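> can you look at this prediction? I've put the sequence above it.
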Number of protein chains: 2
Amino acid sequence: MDGNSTPKTKRGAQRREQILRAAEEAFGAQGFSATSIADITRKAGTALGTFYIYFASKEEVFRELVLEMGQLTREAVTKSVADAPDRMSAERAGLRSFLEFVAKRPSLYSIVEEARFVDPEAYRVYFTRFAKAYEKRLLAAEQAGEVKLGDAEVRAWALMGMAKTLGERYVLWEDTPDIDYVVDEVMLLVGRGLLP
Amino acid sequence: MDGNSTPKTKRGAQRREQILRAAEEAFGAQGFSATSIADITRKAGTALGTFYIYFASKEEVFRELVLEMGQLTREAVTKSVADAPDRMSAERAGLRSFLEFVAKRPSLYSIVEEARFVDPEAYRVYFTRFAKAYEKRLLAAEQAGEVKLGDAEVRAWALMGMAKTLGERYVLWEDTPDIDYVVDEVMLLVGRGLLP
């Protein structure tokens, strides 16, 4: 395995990035099985052999995209949540930033979902990491008296599941997603529940 | 296409059923791409040619399983919800019956998720039908004053997404799922929300 080596030159880094973006587009559009390395390098505008300078296999570039999605969504959520005065504002900002991320990078969303079948370990690591961070924030909010007491882990998975499905239904499936509307409606539910 | 014809004899119906169950097991364990029709008939204990008496293709038997999962989960939820005195008891019973279904038929859960890539239309139909029925029940509960006013469609998708992810995390990923515990925790969140 000499793939996935960090490029030493700026030009190398650019080429590696081109291949990643081409792979993101191809996997997102056709799925993993239907995508060949030749499809990726054609889209990237590089020779087939160039692929193997940076990645050992199609599986490896796929996994790298799953990791990337993890990093980017955690960053986006952390950033959007940093200025929130309390947990409910943070929930709102986090949900919005996640939905906006899905709108901007729809292929990455599909790639992570397909990882359940292509790379189950990467899939599990992705969601478990996200959930752990979420759980910590909920626990801190509990201690600050900003949310009711409860099982922070179960809540984290429940809220994550909500966001994930809403991203699919109201962002991926819509030509003109109305993210503000969805966020407002969901926050009513998350804040005060269904009971009158 | 002469596949998917309804068998005229009891023996025919049994064979078709055997093939479906074998396909459920095979797709659940290996995923769609890695499963061959020969894998299915081997598991079913029938000749390869027998498959084509009942189904035109691997795609067709896959789609049938997605439809079956739809029917079975709707039935299970409807049945469990029928005796519920109010919407929150119905939410609780519905969530529990869904999680129990995932525990009993884990392969069907995976098959529906893989449909997103193998048969996107069947995937969309599955969740849209489920959501429509959910939405109707939430609307009726609104009119009966049992839940707060809100967008029943967004709520239906949010609650469905929650259940789906909890089924994966706390049923599929656990050797001994504690469904009662998860249901209790989630119902606190769904009933009264996070706010103290």
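Sure, I can see it.

> quick one: the helices in chain A, in order.
With helices called from DSSP state H, chain A shows them at A:10-30, A:37-44, A:48-54, A:58-82, A:87-104, A:106-118, A:120-143, A:152-167, A:179-192.

> nearest residue to the most centrally placed residue in chain A other than its sequence neighbours?
Geometric centre of chain A, nearest residue: A:Met69, 4.0 Å, by CA atoms, centre = their mean. The shortest distance from A:Met69 to any non-neighbouring residue, by CB to CB, 6 or more residues apart in numbering or on different chains, is to A:Leu108 (4.3 Å). Every residue, glycine included, has its C-beta placed from N, CA and C.

> and A:Gly28, what does it touch?
By CB atoms under 8 Å, 6 or more residues apart in numbering or on different chains, the contact set of A:Gly28 is A:Pro106, A:Ser107, A:Leu108, A:Ser110, A:Ile111.

> from those, which is closest to A:Arg192?
A:Pro106 (31.4 Å; CB to CB).

> run a quick neighbour tally on the closest one.
By other CB atoms under 10 Å in any protein chain shown, 17 other residues sit near A:Pro106.

> one step back: the residue nearest to the centre of chain A and A:Ser107 touch, don't they?
No: in terms of CB atoms under 8 Å, A:Met69 does not count as a neighbour of A:Ser107; the distance is 9.4 Å.

> okay, now the unreliable bits of chain A?
Residue ranges of chain A with pLDDT under 70: A:1-5.

> domain ranges for it?
A:1-56, A:58-192 (automatic domain parsing).

> so what's the closest residue to A:Phe127 other than its chain neighbours up against?
Sequence neighbours aside, A:Met160 is the residue nearest to A:Phe127 in space, at 7.0 Å (criterion: CB to CB, 6+ apart). Residues counted as contacts of A:Met160 (CB under 8 Å, 6+ apart) are A:Phe127, A:Phe130, A:Ala131, A:Tyr134, B:Thr165.

> surely the last one meets A:Ala163?
Spelled out, that is B:Thr165. No: with contact defined as CB under 8 Å, B:Thr165 does not count as touching A:Ala163 (9.3 Å).

> these two: which is more packed in?
Shown here are B:Thr165 and A:Ala163; by other CB under 10 Å, A:Ala163 has more neighbours (27 against 21).

> tell me the gap between stretch A:110-121 and the middle of its chain.
How far stretch A:110-121 lies from its chain's middle: 12 Å, per CA atoms, centre = their mean, to the nearest Å.

> next: stretch A:121-139.
Stretch A:121-139 sits 12 Å away from the centroid of its parent chain (CA atoms, centre = their mean).

> what lies in contact with it?
With CB under 8 Å, 6+ apart, stretch A:121-139 has contacts from A:63, A:66-67, A:69-70, A:73-74, A:78, A:81, A:87, A:90, A:112, A:115-116, A:147, A:152-153, A:155-157, A:159-160, B:169, B:173.

> so what's the closest residue to A:Ala84 other than its chain neighbours up against?
Spatially, and ignoring its direct neighbours in sequence, A:Ala84 is nearest to A:Ala90 (3.7 Å; CB to CB, 6+ apart). Going by CB under 8 Å, 6+ apart, A:Ala90 touches A:Val81, A:Ala84, A:Arg137, A:Ala141.

> how far away is the last one from A:Pro177?
This means A:Ala141. Separation of A:Ala141 from A:Pro177 (CB to CB, to the nearest Å): 28 Å.
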